[in-house]
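>>> Any chance you can model this:
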Amino acid sequence: MSSPAIDIQKVATLSRLKLTPDEAVLYQSQLGKILDYMDVLVGYDLDSVEPTAHAVPAQPHLREDEPRPSVERSLMLANAPKSSHDQFQISKVIE
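As a prediction, the model looks like this:
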């Protein structure tokens, strides 16, 4: 696709951008180069390439679940403004 076929003012209007004439010329050229490169990419045979969501395999780096001691309940509740029945007491949020 060649750059003269791009209506940069229409693209700017749809994007809600106000472009100066100099910006319109610059963006016309840049958008034309992007679309020309897309034509190059379309030429590649990608039938044997499996679709992916990431460029590299994404593996979660999580530690193993291991039970371990927690903070004592009394120490946690010591920081609460209010507590009741060994639980935090908060103001009513929903009517």
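>>> From here on, just use CA atoms for contacts and neighbour counts.
OK.
>>> quick one: the helices in this protein?
8-14, 21-42, 73-77 (DSSP state H).
>>> and the last one, C-alpha only, in CSV?
As requested, the backbone C-alpha atoms of helix 73-77 are provided in CSV (Å, rounded to 0.1, in the frame of the first residue of the first chain):
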residue,chain,number,x,y,z
ARG,A,73,-3.7,-14.0,66.0
SER,A,74,-3.4,-11.8,69.2
LEU,A,75,-0.5,-9.9,67.6
MET,A,76,-2.5,-9.2,64.4
LEU,A,77,-5.5,-8.1,66.4
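>>> could you give me the average pLDDT of it?
For helix 73-77, mean pLDDT rounds to 90.
>>> quick check, distance from it to the centre of its chain.
Distance of helix 73-77 from the chain centroid (CA atoms, centre = their mean, to the nearest Å) equals 38 Å.
>>> Ok, the first one next?
Using CA atoms, centre = their mean, we find the averaged C-alpha position of helix 8-14 to lie 25 Å away from the chain's own average C-alpha position.
>>> tell me which residues in it are buried?
Within helix 8-14, the residues scored as buried using 16 or more other CA atoms under 10 Å are 8, 9.
>>> Same check on the shortest one?
The neighbour-count check on helix 73-77 (16+ other CA under 10 Å) flags residue 77 as buried.
>>> quick revisit: Throw the helices of the chain into a markdown table and include distance to residue 64, thanks.
Listed next are the helices of the chain as a markdown table, based on distance: least, CA to CA, whole Å:
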| stretch | distance to residue 64 |
| --- | --- |
| helix 8-14 | 50 |
| helix 21-42 | 43 |
| helix 73-77 | 25 |
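>>> what about residue 88, how many neighbours?
14 (other CA atoms under 10 Å).
>>> Ok, residue 32 next?
Around residue 32 there are 19 residues (other CA under 10 Å).
>>> quick one: it from residue 6, how far?
7 Å (CA to CA, to the nearest Å).
>>> and what of residue 74?
Residue 74 is 69 Å from residue 6, by CA to CA.
>>> got it, and residue 68?
Counting by CA to CA, the gap from residue 68 to residue 6 is 63 Å.
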